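# sequence and computational prediction follow.
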Amino acid sequence: EGNSKRKWSLQDFEIGKPLGKGKFGRVYLAREVKSKYIVALKIIFKEHLEKYRIHHQLRREMEIQTSLRHPNILRLYGWFHDSERIFLILEYAYGGELYNELRKHGHFSEEQAATYIASLTTALAYCHEKHVIHRDIKPENLLLDHEGRLKIADFGWSVQSRSKRHTMCGTLDYLAPEMVENKAHDYAVDNWTLGILCYEFLYGAPPFESESQSDTFKRIMKVDLSFPSSPNVSMEARNLISRVTICIGYEKSWSNSIEASCEGLLEKALSSE
Ligand SMILES: Clc1cnc2c(Nc3ccc(N4CCOCC4)cc3)nc(-c3cccnc3)cn12
């Protein structure tokens, strides 16, 4: 920490338990020997990079995540490699995956959902100011720190956006219509996903989940949004979700209004304690 320009090597770390498997590598708990600082070490095999042609994607992830400094974005402290592996030195999220919390509780309270969505909104607004689109925001990529604060991880699919992007990515559930239609997309992609996540936090499943991919496609294109009667979700939360998923594209006015309505929702939830 602090001397992020220094040359790291495997000898600097004691490797602990595996935390989980990512798309292209395993993540381990690790401790820097001198400082006893706990980190997460993401290990990616170089042969995997060749096989899946993801050199550029990993390079981009490393450059982007190193440059981002935000309380809700997982830090990438540095990296090193040996003959066959690349090692990313990442901030350790003590709380684990937000996904597990969601599965454990079924769905979150409005206060908890509003807190997570507000954190995501500021983190994404920060990324968009730095011309970064994450494009793969889903519960699996969201971690929690020791205070339960949300951390966006895994910038593997993120891009430095100057121009419109065309590549397909992520699972279908969180894809915005323009992504599904494989049209050019921009920051609005991440914003659409906020609405999807808000729905999933409150109802426990994403809004367009269907038996088949083609059904999911159709439901996304139609923005076929329906609100089950249980769990009982407030009218404010439901129209926040509708506004986010329906009024895609008017990004600037929209993200101000979502930030405002998130605060409103949070105030309402906190005052109803
Ligand atoms: Cl990067 C990165 C930084 N920190 C983590 C992390 N942290 C973390 C903490 C605590 C628990 N446990 C808490 C007690 O109950 C059991 C789980 C798990 C993961 N996990 C992953 C990961 C990656 C893939 C699959 N699954 C987890 C990636 N991480």
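Here it is on my side, so go on.
# can you list the buried residues in the helix or strand encompassing Phe217?
With the criterion set as DSSP states H and E, the secondary-structure element containing Phe217 is helix 213-222. By neighbour count with 16 or more other C-beta atoms under 10 Å, helix 213-222 contains the buried residues Thr216, Phe217, Arg219, Ile220. In this view, the C-beta of every residue, glycine as well, is placed from N, C-alpha and C.
# once you drop chain neighbours, what's closest to the residue of the stretch 1-150 of the chain found nearest the ligand?
When you check the stretch 1-150 of the chain against the ligand by C-beta to the nearest ligand atom, the closest residue turns out to be Gly20, at 2.0 Å. In this structure, Gly20 finds its nearest non-sequential neighbour in Val27, 5.6 Å apart by C-beta to C-beta, 6 or more residues apart in numbering.
# please name the bridge partners of the one you found.
The bridge-partner assignment for Val27, based on DSSP bridges, gives Gly20, Lys42.
# pretty sure it is in contact with Lys17, am I right?
No: Val27 is beyond contact range of Lys17, at 10.3 Å (criterion: C-beta atoms under 8 Å).
# more neighbours, those two?
Neighbour tally, Val27 and Lys17, criterion other C-beta atoms under 10 Å: the higher count belongs to Val27, 19 against 7.
# now Ser83: how far from His134?
In this view, Ser83 and His134 are 32 Å apart by C-beta to C-beta, to the nearest Å.
# comparing those two, which residue is more hemmed in?
Between Ser83 and His134, counting by other C-beta under 10 Å, His134 is the more crowded of the two (27 against 5).
# isn't the more buried one right up against Tyr174?
No: in this structure, His134 sits apart from Tyr174 without contact. The criterion is C-beta under 8 Å, and the distance is 10.6 Å.
# what does the stretch 151-273 of the chain have sitting close to the ligand?
With C-beta under 6 Å from any ligand atom as the criterion, the stretch 151-273 of the chain comes near the ligand at residues Ala153.
# where do the helices sit along the stretch 151-273 of the chain?
Taking DSSP state H, counting those that start in this stretch as the criterion, the stretch 151-273 of the chain contains helices spanning 177-180, 188-203, 213-222, 235-246, 251-271.
# run through the protein and note the low-pLDDT ranges.
Applying pLDDT under 70 to the chain flags residues 1-5, 23, 156-170, 178-187, 247-259, 266, 272-273.
# ramachandran angles for the spatially most central residue of it?
Among the residues of the chain, Ile137 comes closest to the average C-alpha position under C-alpha atoms, centre = their mean, at 3.4 Å. According to degrees, to the nearest 10, the main-chain angles of Ile137 amount to phi -80, psi 110.
# ok, now which ones touch it?
Counting by C-beta atoms under 8 Å, 6 or more residues apart in numbering, Ile137 makes contact with Leu120, Leu124, Ile152, Tyr174, Asp190, Thr193, Leu194, Leu197.
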